[in-house]
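Chemist: prediction below, plus the sequence it came from.
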Amino acid sequence: MFDFDATLPLMALQFIVLAVVLNAVFYKPIGKALDERADYIRSNEKEAKERLAKAQTLASEYEIQLADARKQSQEIIAAAQAQAKAIADGKIAQAQREAIAQKEAAAKEIEQQKQEAMTALEQQVEALSRQILEKILGPELVK
């Protein structure tokens, strides 16, 4: 079936030379390019992981700062509301005091006017009583 003559070793030698040439010309540069690409991918992946870790750290720091800022703003708002309430309470108390003072002044003025009116009425009643007596009894008897 097979003839083992000089062509077989020659074909084997050609195959080995072809394998060496292909290895030197084709496989080594492709292997080198694949290794460089794998190194490049690994380095980029490592850098990406480092950047992701740094971004997560920064995000957590920013969240903490944001929480602190919100807390401070809530404290400032609460203080401002307390201050506004205190001012409003003070103004209400002052207005109530002024209203009470005005009420008391009005009551005193009314009482004074009442006394003056009573005094004037007493004088008028006395004068009217005298006139009535003079008309009834005559002016000579009333003195």
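Modeler: Alright, I've got the coordinates.

Chemist: and stretch 41-57, average pLDDT?
Modeler: Regarding stretch 41-57, the rounded mean pLDDT is 96.

Chemist: would you tell me which helix is longest in this structure?
Modeler: Taking DSSP state H as the criterion, the chain has its longest helix at helix 28-137.

Chemist: if I look at Ile41, how far off is Leu34?
Modeler: Separation of Ile41 from Leu34 (Cβ to Cβ, to the nearest Å) stands at 10 Å. Glycine gets a C-beta too; all of them are placed from N, C-alpha and C.

Chemist: let me fix that, I meant to ask about Arg130.
Modeler: If you measure Arg130 against Leu34 using Cβ to Cβ, the figure is 140 Å.

Chemist: the two - which one has more neighbours?
Modeler: Ranked by neighbour count (other Cβ atoms under 10 Å), Arg130 and Leu34 place Arg130 first, with 13 against 10.

Chemist: joint contacts of Ile41 and Leu34?
Modeler: By Cβ atoms under 8 Å, 6 or more residues apart in numbering, Ile41 and Leu34 have no common neighbours.

Chemist: now do the same for Asp5: helix, strand or coil?
Modeler: Assigned state for Asp5: coil (three-state reduction, DSSP: H, G, I helix; E, B strand; the rest coil).

Chemist: what's the pLDDT at it?
Modeler: pLDDT, Asp5: 71.

Chemist: poorly predicted segments of this protein, please.
Modeler: For the chain, applying pLDDT under 70 flags the ranges 1-4, 141-143.
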